[in-house]
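> quick one: sequence and predicted model below, then my questions.
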Amino acid sequence: MTGITPDRLTADRTPDRLTAGRTPDPLRPPLRPLALLGSAAPWRATAYLASYLVIGPVLFAFCLATVVVCFVLNITMLGLPLLIGAAALLRGGAHIERARVRLVSRPVEAAYRTVEPMGIRAAVKARWTDPATLRDLSYLICLFVPLLVLDAVALVIWVTSLALVVVPTWYWAVPDGGALGVLRVDSLPAALAAALVGCVLLLVTCHVMTAAARLHAATARTLLGPRTDPLAAAKRLLAEPGPLSAAAVSAHPSAPSVPSASSTGMNA
């Protein structure tokens, strides 16, 4: 026996089991506003949300048009081969979104069922009953408008704060000054006051920007990534033999067996 008690052994091993399978997010932004502004997180978030305003509508239009046309033609049996192409198009759009997630978070892996060589009907059924394909459809088409609104609002708030910070560099180019809400910037003191307000707002809007990007990325990870059991680590811990049993065996390796009553009587 060593000097390690069962309680110490449990304390040393249990956290490792509970945290197994959890990979820390390397792009998690700092919580302090000044540290966040000095990091790359707001600019990665800006690129992630702004690129969706360009790529999202294109993917939505192509995927929606392809799926609608294929299902309409499916009435005449001409749409069966096209449905296979529509599933492939959805997967291609989902792969683009998985690649974009790398800007703000960990990579997202695809998890599609393996389709064996078979007839057209069976191939269409295998692809369109795959939960991964249905989740691609939900993300690329059904959630397009909510995600677009989320990204656009976050970008407007962020760009407005940045414009206030640099207003002393451009206010003079606007005839009779510029109107920024209730504040009219037509002089250098007013421009400096607006820049000060913008600096204060940046401390808040940087968190709004990164939070919106992380929410968008979390949605993509949930729908486009593999399905995982959140209780997998706890179930694995309960299924494995505990350290107390191992400690008990090592403490009494050769415990004598208790003779039964019948064998005692026979020996007597």
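Sure thing, it's come through.
> helices of the protein, start to end?
In the chain, the segments counted as helices under DSSP state H are 6-18, 33-37, 41-73, 79-101, 120-128, 131-137, 144-165, 188-224, 232-239, 243-251, 261-267.
> ok, which of the ones you listed comes nearest E109?
Relative to E109, the nearest member of the helices of the chain by Cβ to Cβ is helix 79-101, separated by 7.7 Å. C-beta: built from backbone N, CA, C; applies to glycine.
> any idea of the angle that closest one forms with helix 41-73?
180 degrees (axes from the mean of the first three to the mean of the last three Cα atoms, to 10 degrees).
> so, low pLDDT: which residues of the stretch 151-268 of the chain?
174-184, 186, 228-237, 242-268 (pLDDT under 70).
> isn't A86 up against A65?
No: taking contacts as Cβ atoms under 8 Å, A86 lies outside contact range of A65: 9.8 Å.
> quick one, which of these two is more surrounded?
A86 (25 against 12; other Cβ atoms under 10 Å).
> what's the distance between the more buried one and G225?
Going from A86 to G225 by Cβ to Cβ, to the nearest Å gives 22 Å.
> circling back to that earlier point, adding distance to P107, write the helices of the chain out as TSV.
Putting the helices of the chain into TSV (distance: least, Cβ to Cβ, whole Å) gives the following:
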stretch	distance to P107
helix 6-18	24
helix 33-37	23
helix 41-73	14
helix 79-101	7
helix 120-128	24
helix 131-137	16
helix 144-165	19
helix 188-224	10
helix 232-239	20
helix 243-251	35
helix 261-267	66
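> how about the ones you listed, which one is nearest Y112?
helix 131-137 (4.8 Å).
> now for the closest one, which elements pack on it?
Packing partners of helix 131-137 (3 or more Cβ pairs under 8 Å, 6 or more residues apart in numbering; DSSP states H and E): helix 79-101, helix 188-224.
> OK, contacts around N74?
L80, L82, L83 (Cβ atoms under 8 Å, 6 or more residues apart in numbering).
> hmm, V68 and the second one touching each other?
No: when contacts are counted by Cβ under 8 Å, L82 is not listed as touching V68 (11.1 Å).
> more neighbours, the two?
A count of neighbours by other Cβ under 10 Å puts L82 above the other of L82 and V68, at 19 against 12.
> alright, I will stop here.
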